[in-house]
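**Q** Generate a structure from the sequence data that follows.
(one chain, ligands or ions: 1)
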Amino acid sequence: MSKPVILTGLRANNDLHIGNYFGALLPTVDMATSKAGEFQVNLFVPDLHSFTTPIDHSKLAAQIDHNLRLFVAAGLPVHNPDVHIYRQSYIPAHSELTWILDCFTGMGEMGRMTQFKDKSAKLNEDRISVGLFNYPVLMAADILLYGAAYVPVGDDQTQHLEFARDIAARFNNQFGDILTIPLPVRKQHEFFGKDQGLRIRDLQDPTKKMSKSDESGKGIIFMGDDPAAAAKKVMGAATDSVGSIHYDYASQPGISNLLEIYSLLNRQPIADVAVEWEGKSSYGELKSSVADLVRDFLSGFQEQLAAVDSKALYAKLEADEEAMGTVARNTLHAVQKAVGLRA
Ligand code: TYM
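**A** Reported below is the predicted structural model:
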């Protein structure tokens with residue numbers, strides 16, 4: 001029996017930030033560390049997803065390389081043979097399966113995706129690419145090619161994960177049991193633990209999520225930020241005029257976001273953190289505690305990043321791309337047979 005697959009990807013459109021780290025990277029690394037042997041873990045760079053909205057292409061190759069290093073710096077146990085890293089565009093089956101699944105996907109279905117609506121609203125019509133429109137199909141292909149059961153992602157990807165389930169079920173209904181349907185989002189949350197930082201907010205505007213495509217960068221803590229500068233961003237975080245601390249996103253989104261970042265960096269359950277700070281009046285004290293944690297975390301992380309062994313990383317990457325290419329080709333072949341492209 002093959003091992004259940006945990007799989008996730010982080011785009012290379014910009015440096016990763018602590019939201020990406022807490023929402024997807026850390027849970028994957030934690031699983032790869034604690035469940036080694038029981039699961040297969042695939043952590044990949046969805047490089048083809050990186051320019052669904054306009055980017056500076058002269059920086060893409062370096063950013064892809066940087067993301068791979070971030071995976072190692074975050075503690076991914078790359079020596080474990082059940083852990084795989086790869087770049088999506090090096091495995092052509094991703095694009096090929098996407099085309100086939102595109103033909104089983106409705107325009108209306110894609111048009112209803114919240115991310116598409118949000119991102120396209122910010123662009124002039126000629127700049128809204130077809131790639132932005134159908135990227136959930138590519139994401140579904142990323143998941144289905146490897147039969148992934150568990151997909152650690154932040155809240156903003158929930159709808160896309162549901163779509164991956166829908167399209168797999170629809171395909172299986174028509175053609176037989178070919179694709180593995182990932183677990184429902186509720187089960188995913190149970191598996192990964194619910195307080196995993198599913199939606200870290202922007203420090204300047206805590207009503208919206210921290211987002212790497214955000215231009216200003218003032219409310220975002222990037223993994224590559226100078227630690228002292230990042231601490232300053234925390235000190236400048238928007239709060240409220242309530243005057244006392246309560247963990248309640250509805251009335252105190254900025255404070256609640258800071259408490260959540262504190263809990264994640266301190267590896268302490270949010271319920272305990274909420275009790276510890278409940279009713280205190282000094283927002284400054286909370287901010288400086290979070291700022292200290294952020295500064296220490298980034299300093300340690302960046303030291304690990306500088307120590308990544310390039311030779312070992314690329315040897316692993318190339319071996320995994322070959323091995324995962326075979327797995328992906330096998331799934332693609334089964335799909336091609338099902339739709340009548342192969343005898
Ligand atoms: P991307 O690159 O935008 O984000 C990477 C991961 O980070 C999570 N995330 C957050 N989590 C908590 N708080 C935030 N503020 C925050 N912002 C982002 C995202 O939910 C994501 O898990 N389409 C995906 C990449 C992808 C993928 C896949 C993921 C491509 N193929 C297959 C899983 C499986 C994306 O754009 O993520």
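**Q** Low-confidence stretches in the stretch 201-343 of the chain?
**A** 215 (pLDDT under 70).
**Q** In what element of secondary structure is residue 43 found?
**A** strand 40-45 (DSSP states H and E).
**Q** Which elements pack onto that strand?
**A** strand 5-9, helix 26-34, helix 60-73, strand 83-87 (3 or more Cβ pairs under 8 Å, 6 or more residues apart in numbering; DSSP states H and E). (Each C-beta comes from the backbone N, C-alpha and C, glycine too.)
**Q** which residues are in contact with that strand?
**A** For strand 40-45, the surrounding residues in contact (Cβ atoms under 8 Å, 6 or more residues apart in numbering) are 2-12, 25, 28, 31-32, 64, 67-68, 71, 76, 80, 82-88, 142, 146, 148, 324.
**Q** and the helices and strands packed on strand 40-45 as JSON lines, adding mean neighbour count?
**A** As requested, the helices and strands packed on strand 40-45 are exported to JSON lines (neighbours: other Cβ atoms under 10 Å):
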{"stretch": "strand 5-9", "mean neighbour count": "24"}
{"stretch": "helix 26-34", "mean neighbour count": "20"}
{"stretch": "helix 60-73", "mean neighbour count": "19"}
{"stretch": "strand 83-87", "mean neighbour count": "23"}
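**Q** could I get the ones you listed as CSV with mean pLDDT and distance to residue 328?
**A** Shown next, in CSV, are those (pLDDT from 0 to 100; distance: least, Cβ to Cβ, whole Å):
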stretch, mean pLDDT, distance to residue 328
strand 5-9, 98, 12
helix 26-34, 95, 19
helix 60-73, 97, 18
strand 83-87, 98, 9
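**Q** Just put these in CSV and tack on distance to the ligand.
**A** What follows is those, written out as CSV (distance: least, Cβ to the nearest ligand atom, whole Å):
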stretch, distance to the ligand
strand 5-9, 4
helix 26-34, 9
helix 60-73, 9
strand 83-87, 12
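**Q** Could you measure from whichever residue of the stretch 101-250 of the chain sits closest to the ligand over to residue 148?
**A** The ligand sits closest to residue 154 of the stretch 101-250 of the chain, with a gap of 2.5 Å, by Cβ to the nearest ligand atom. In this view, residue 154 and residue 148 are 17 Å apart by Cβ to Cβ, to the nearest Å.
**Q** repeat for residue 58
**A** From residue 58 to residue 148 the distance is 33 Å (Cβ to Cβ).
**Q** between those two, who's got more neighbours?
**A** Neighbours were counted for residue 58 and for residue 148 using other Cβ atoms under 10 Å; residue 148 has more, 22 against 7.
**Q** Contact residues of the stretch 1-150 of the chain facing the ligand?
**A** Along the stretch 1-150 of the chain, the residues adjacent to the ligand under the rule Cβ under 6 Å from any ligand atom are 7-11, 19-20, 22-24, 46, 49, 139, 142-143.
**Q** So which of those wins on neighbours?
**A** residue 143 (29 neighbours).
**Q** and the helix or strand hosting that one, what does it pack onto?
**A** Residue 143 is part of helix 130-144 when elements are defined by DSSP H and E. On a contact count with 3+ Cβ pairs under 8 Å, 6+ apart, helix 130-144 meets strand 5-9, helix 93-102, helix 107-111, helix 114-121, helix 158-175.
**Q** Between these, which has the poorest mean confidence score?
**A** In terms of average pLDDT, helix 114-121 trails the rest of these, at a mean of 92.
**Q** Now that helix: buried residues?
**A** 116, 119, 120 (16 or more other Cβ atoms under 10 Å).
**Q** what's that helix in contact with?
**A** With contact meaning Cβ under 8 Å, 6+ apart, helix 114-121 is reached by 52, 53, 110, 111, 128, 132, 133, 136, 156, 159, 160, 213.
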